[in-house]
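Chemist: Could you work out the structure for the sequence below:
(one chain, ligands or ions: 1)
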Amino acid sequence: MKTSPRMELDQLVIKIPGRKAGNPLSLQVFPGQTWGILGPNGSGKTTLLLTLAGLKKPQQGQIHLAGQALESWSARERACQLALVFQQQEDSFPASVLETTLTSRHPHLKAWQRETPEDSLLAQQALERMDLAAMEERCITTLSGGERQRLALACLLTQQTPLWLLDEPTNHLDLHHQISALELINEKVKAGGSAIMALHDLNLASRFCSHLLLLYPDGQACWGPKDQMLELPALERLYQQPLIATSISGQKVFIPQTSTG
Ligand SMILES: Nc1ncnc2c1ncn2[C@@H]1O[C@H](COP(=O)(O)OP(=O)(O)OP(=O)(O)O)[C@@H](O)[C@H]1O
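Modeler: The predicted model follows:
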């Protein structure tokens, strides 16, 4: 049986203030795929993710989520389909780590319904997975940058959606937690989920993405399976940065060239 795309972009043009319309994006994200969005600062990665989340209107084109126009989903139904991690987490009030994680179950509950013991268990398991179990009673305003990012990932996990949209998921994370976050995403995708994430680290993109979308600051774009996208000239043009390409254990690795070599 043919698998249906989890998300489909059809001639999508995002709105970037002061920039002329970029290349229309037409691509399909299937279960089992991790798409990386690569591009320099200001190229539109966050704007694209916000547009895919339904939080910004596109300039033109269509987005389909699970076969249905994105705008036709109610906010609650949409939150059962896709979960987000964005760069700045705004906390509306000083709740505990566990309470905050539990709010990710709300899209799955009826308006009057309280969280069940199963919801609490899911939240606690997610906190455990993100090494935050010992902090579940802490007020979120006391967390460090990396701990906050891990909390955002724990919330994503607790929301239990088939699609994850992530804006620089490794932001603020130490090396161990960067890899553990990306392995979590991989695990989710291997189990039939899908992820679309903006990344600045080419080597992590090479290792953890199946597909890449390259966004240029002038609005040009190209996309496809990662092996076709990880070509030196295209990447050097993307970042305006000379690179050295090598391979370690069959994995492409890129090192920025500096004026000293
Ligand atoms: N409300 C706004 N008014 C004016 N310009 C905006 C506004 N929102 C975004 N922009 C501009 O749109 C462009 C794309 O921003 P976006 O945050 O999507 O880039 P990005 O690729 O995610 O960048 P970074 O790598 O720095 O996170 C940037 O030049 C930004 O300054």
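
Chemist: Next up, phi/psi of the residue nearest to residue 56 when sequence neighbours are not counted, please.
Modeler: Take residue 56 and drop its neighbours on the chain: the residue closest to it by Cβ to Cβ, 6 or more residues apart in numbering is residue 50, 4.3 Å away. C-beta here means a position set from N, CA and C on the backbone, and glycine is covered the same way. When read as degrees, to the nearest 10, the backbone of residue 50 gives phi -60, psi -40.

Chemist: can you count the residues close to residue 50?
Modeler: Residues near residue 50, counting by other Cβ atoms under 10 Å, number 19.

Chemist: Same question for residue 122.
Modeler: Residue crowding around residue 122 was assessed by other Cβ under 10 Å; the count is 21.

Chemist: Quickly note the distance from the residue in the stretch 101-250 of the chain that the ligand sits nearest to to residue 59.
Modeler: Nearest to the ligand, among the residues of the stretch 101-250 of the chain, is residue 198, at 6.1 Å (Cβ to the nearest ligand atom). Distance of residue 198 to residue 59, computed by Cβ to Cβ, to the nearest Å: 19 Å.

Chemist: Could you do residue 123 as well?
Modeler: For residue 123 relative to residue 59 (Cβ to Cβ), the value is 38 Å.

Chemist: just residue 100 next, same as before
Modeler: Taking Cβ to Cβ, one finds residue 100 at 34 Å from residue 59.

Chemist: The two: which has the busier surroundings?
Modeler: Shown here are residue 100 and residue 59; by other Cβ under 10 Å, residue 100 has more neighbours (25 against 15).

Chemist: Check the spacing between the more buried one and the ligand real quick.
Modeler: 24 Å (Cβ to the nearest ligand atom, to the nearest Å).

Chemist: Please, which helix or strand holds the residue nearest in space to the middle of the chain?
Modeler: Central residue of the chain (Cα atoms, centre = their mean): residue 166, 1.8 Å from the mean position. Applying DSSP states H and E as the criterion places residue 166 in strand 163-167.
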